[in-house]
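Undergrad: Model the structure of this input:
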Amino acid sequence: MSRGPEKQFDPEVVLTKAMEVFWARGYEAATLSELLEHMGIGKKSLYDTFGNKRSLFLKALDHYAQTEVKSIRDQLLAAGSPLANLERVLKNLQHRHSLPRSQGCMLGTNIADFDTDEAEIAAILRHHLQTLEDAYCTVVAHAQKAGEIIATIDSRSLARLLLCATQGMALIGRVLEDEMLLHDTVEATLALLKAG
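TA: Next up is the predicted model:
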């Protein structure tokens, strides 16, 4: 059986382009023509390689988890002071979400487009949020064990506070004009963690 013609594009590169569109626009607002234009491929190539729009979105969401979510997790769990790692991640997120035209977090951007009636996608979004929460929980537990942060509040509760604070920063950053709001959020969060 002969093989078909070689693809004239790198699937990972064009998937990254699709991720950028879904990240910026959300699933519902991202049109097929926008996706095709940004990905630089034709409709047939999209369907042959990625399936329909929903299938492309699921692959783009997985790509986001494998790159952006993994990067945050790796920074949190890197060697060295757990508190220093957490501070670095929070300040990096503060900087990123304070930039003009911040796109926020792809998870948060798309949560607005789905609810629990979309069981498959809701489960995937919850899974990625859980991955972030677990990473925050691990770094908090390590920082508590090292005596770097408050130990009188359960590490899981503090992880959930961090997850909600960072998702809020990502969402608010999309329309923010005053970067002090995110600065103060990070400073207050760190002060709470270091209290006691």
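
Undergrad: Give the next helix or strand downstream of the helix ranked longest in the chain.
TA: If you go by DSSP state H, the chain has its longest helix at helix 119-145. Following helix 119-145 in sequence order, the next helix or strand is helix 155-173 (DSSP states H and E).

Undergrad: Alpha carbons of that next one, as CSV, please.
TA: Written as CSV, here are the backbone C-alpha positions of helix 155-173 (Å, rounded to 0.1, in the frame of the first residue of the first chain):
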residue,chain,number,x,y,z
SER,A,155,-2.0,22.9,52.1
ARG,A,156,-5.0,21.9,49.9
SER,A,157,-7.0,24.9,51.0
LEU,A,158,-4.0,27.2,50.3
ALA,A,159,-3.6,25.5,46.9
ARG,A,160,-7.2,26.2,46.0
LEU,A,161,-6.7,29.8,47.1
LEU,A,162,-3.7,30.1,44.7
LEU,A,163,-5.6,28.4,41.9
CYS,A,164,-8.5,30.8,42.2
ALA,A,165,-6.3,33.8,42.6
THR,A,166,-4.2,33.0,39.6
GLN,A,167,-7.2,32.2,37.4
GLY,A,168,-8.8,35.5,38.5
MET,A,169,-5.6,37.4,37.6
ALA,A,170,-5.6,35.7,34.2
LEU,A,171,-9.2,36.7,33.5
ILE,A,172,-9.0,40.2,34.9
GLY,A,173,-5.7,40.8,33.0
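
Undergrad: tell me the angle it makes with helix 119-145.
TA: 120 degrees (axes from the mean of the first three to the mean of the last three CA atoms, to 10 degrees).

Undergrad: Mind listing residues that contact helix 155-173?
TA: 86, 90, 93-94, 96-99, 102, 104-105, 107-108, 129, 132-134, 136-137, 140-141, 144, 149-150, 181-182, 185-186, 189, 192-193 (CB atoms under 8 Å, 6 or more residues apart in numbering). In short, each C-beta sits where N, CA and C put it, glycine included.

Undergrad: Just the buried residues from the residues you listed, in PyMOL please.
TA: Of the contacts of helix 155-173, the buried ones go into a single PyMOL selection, burial set by 16 or more other CB atoms under 10 Å:
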select buried, resi 86+90+93+94+96+97+98+102+104+105+107+108+129+132+133+136+137+140+141+144+149+182+185+186+189+193
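
Undergrad: same for the longest helix of the chain, what does it pack against?
TA: With contacts taken as 3 or more CB pairs under 8 Å, 6 or more residues apart in numbering; DSSP states H and E, helix 119-145 sits against helix 53-64, helix 70-76, helix 82-98, helix 106-111, helix 155-173.

Undergrad: Thanks a lot, catch you later.
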